[in-house]
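Student: Okay, sequence plus prediction incoming.
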Amino acid sequence: MTTEPAPVYDPADEVWRLITAVLMVRKEEFPALAASFGLNPGAMHALLQLDPDEPQSMSSLAGAWKCDASNVTWLVDRLEEHGLAERRAHPGDRRIRTVGLTRKGAKIRSQVEARLYEAPENLRALSARDLDTMAKILRKIVPDDRPRS
């Protein structure tokens with residue numbers, strides 16, 4: 001009878017497992033957060049992906065969101081129903097429709113982000129030194145092109 005060797009402890013795998021566990025807890029909170037703004041999770045995700053300063057074409061959104069154009073239409077319809085986004089003619093080519101956030105959409109997007117990025121109590125309970133250390137370490141693995149609020 002052969003026995004498999006005991007798994008070798010890999011600290012990087014352990015840290016990644018813990019980060020993933022934290023993300024999964026946040027993912028489970030996403031539907032309730034969306035509902036608190038009267039949105040479904042897909043529409044809230046779309047809201048967060050729209051650039052508040054630059055309308056984007058429907059086709060570019062389909063590419064960025066990795067979905068079919070009909071899904072983009074459905075999501076934009078939901079945002080329009082809530083007054084959060086609007087379709088506009090492209091300034092350089094009126095055949096192209098772009099999607100931009102309304103003032104209300106930009107305001108709600110900011111509110112969603114504030115709630116989404118609000119630290120949970122068990123993180124707030126850590127010492128300032130521990131939090132500073134965690135932030136320094138995480139900055140080393142976050143891609144440089146990601147926003148750091």
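Tutor: Good, I have the coordinates.
Student: ranges for the helices of the chain?
Tutor: Ranges of helices within the chain are 11-36, 41-49, 58-65, 69-81, 103-116, 121-124, 128-141, based on DSSP state H.
Student: which helices and strands does the shortest one pack with?
Tutor: In terms of contacts (3 or more CB pairs under 8 Å, 6 or more residues apart in numbering; DSSP states H and E), helix 121-124 is not packed against any helix or strand. C-beta: built from backbone N, CA, C; applies to glycine.
Student: let's see 10 Å
Tutor: Applying 3 or more CB pairs under 10 Å, 6 or more residues apart in numbering; DSSP states H and E, we find helix 121-124 packed against helix 11-36, helix 128-141.
Student: Mean neighbour count, distance to E54 and mean pLDDT for those - can I get that in JSON lines?
Tutor: Formatted as JSON lines, these follow (neighbours: other CB atoms under 10 Å; distance: least, CB to CB, whole Å; pLDDT from 0 to 100):
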{"stretch": "helix 11-36", "mean neighbour count": "11", "distance to E54": "24", "mean pLDDT": "91"}
{"stretch": "helix 128-141", "mean neighbour count": "10", "distance to E54": "27", "mean pLDDT": "93"}
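Student: Which one, of those helices, ends up nearest to V99?
Tutor: V99 lies closest to helix 11-36 among those, at 18.6 Å (CB to CB).
Student: ok now that closest one, how far from the chain's centre?
Tutor: 12 Å (CA atoms, centre = their mean, to the nearest Å).
Student: same check, this time on stretch 50-60
Tutor: 15 Å.
Student: What mean pLDDT does that stretch get?
Tutor: In this model, stretch 50-60 has an average pLDDT of 90.
Student: R95 is nearest to which of the helices of the chain?
Tutor: Per CB to CB, nearest to R95 of the helices of the chain: helix 58-65, 11.4 Å.
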